[in-house]
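Novice: missing the sequence, but the structure's below:
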């Protein structure tokens, strides 16, 4: 019984250590595999707008620490339309400023369809 209790406590400690690090990015997604709405949002980002939502282009704080750490203001977020949603929905495209300092040309784009719980880097 004591061994079982020790093993259970070790398992709980391990689970706590894993969750303390936070979620892990999912990986990559080719642009062709994105939903049409995400491809449309990406095209708008590269064109510099106009954007359909007032919050599009606002600073993404990366509080979830899912993306590489950068200074505040490096990442910008954009709404990806969700068919049938009455609000902005859960889908977003996040753009990094990259070496160019400009999200339109940086080539650093991430997609989430679960409101920042996971990200995939968009590969063009």
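Specialist: Everything's here; your move. Only a predicted model underlies this, so the values are computations on that prediction, with no experimental measurement involved.

Novice: make it CA atoms for all contacts and neighbour counts henceforth
Specialist: Will do.

Novice: so which residues of this protein form strands?
Specialist: In chain order, the chain shows strands spanning 27-30, 58-59, 75-79, 92-96, 109-112, 120-123, with DSSP state E as the criterion.

Novice: and residue 69, which of the ones you listed is closest to it?
Specialist: For the strands of the chain, proximity to residue 69 was assessed by CA to CA; strand 75-79 is nearest, at 9.8 Å.

Novice: contact partners of that closest one?
Specialist: Judged by CA atoms under 8 Å, 6 or more residues apart in numbering, the contacts made with strand 75-79 from elsewhere in the structure are 41, 45, 53, 55-62, 88, 91-97, 103.

Novice: recalculate using a threshold of 10 Å.
Specialist: 37-38, 41-42, 44-45, 51-62, 67, 69, 88-98, 103, 108-111 (CA atoms under 10 Å, 6 or more residues apart in numbering).

Novice: quick one, that strand and strand 92-96 angle?
Specialist: 160 degrees (axes from the mean of the first three to the mean of the last three CA atoms, to 10 degrees).

Novice: got the buried residues for strand 75-79?
Specialist: Under the neighbour-count criterion of 16 or more other CA atoms under 10 Å, strand 75-79 has 75, 76, 77, 78, 79 buried.

Novice: equivalent analysis for stretch 85-93, please.
Specialist: Buried residues in stretch 85-93, counted by 16+ other CA under 10 Å: 89, 90, 91, 92, 93.

Novice: show me how far it is from its chain's centre.
Specialist: Once both centres are worked out by CA atoms, centre = their mean, to the nearest Å, stretch 85-93 turns out to sit 13 Å from its chain's centre.
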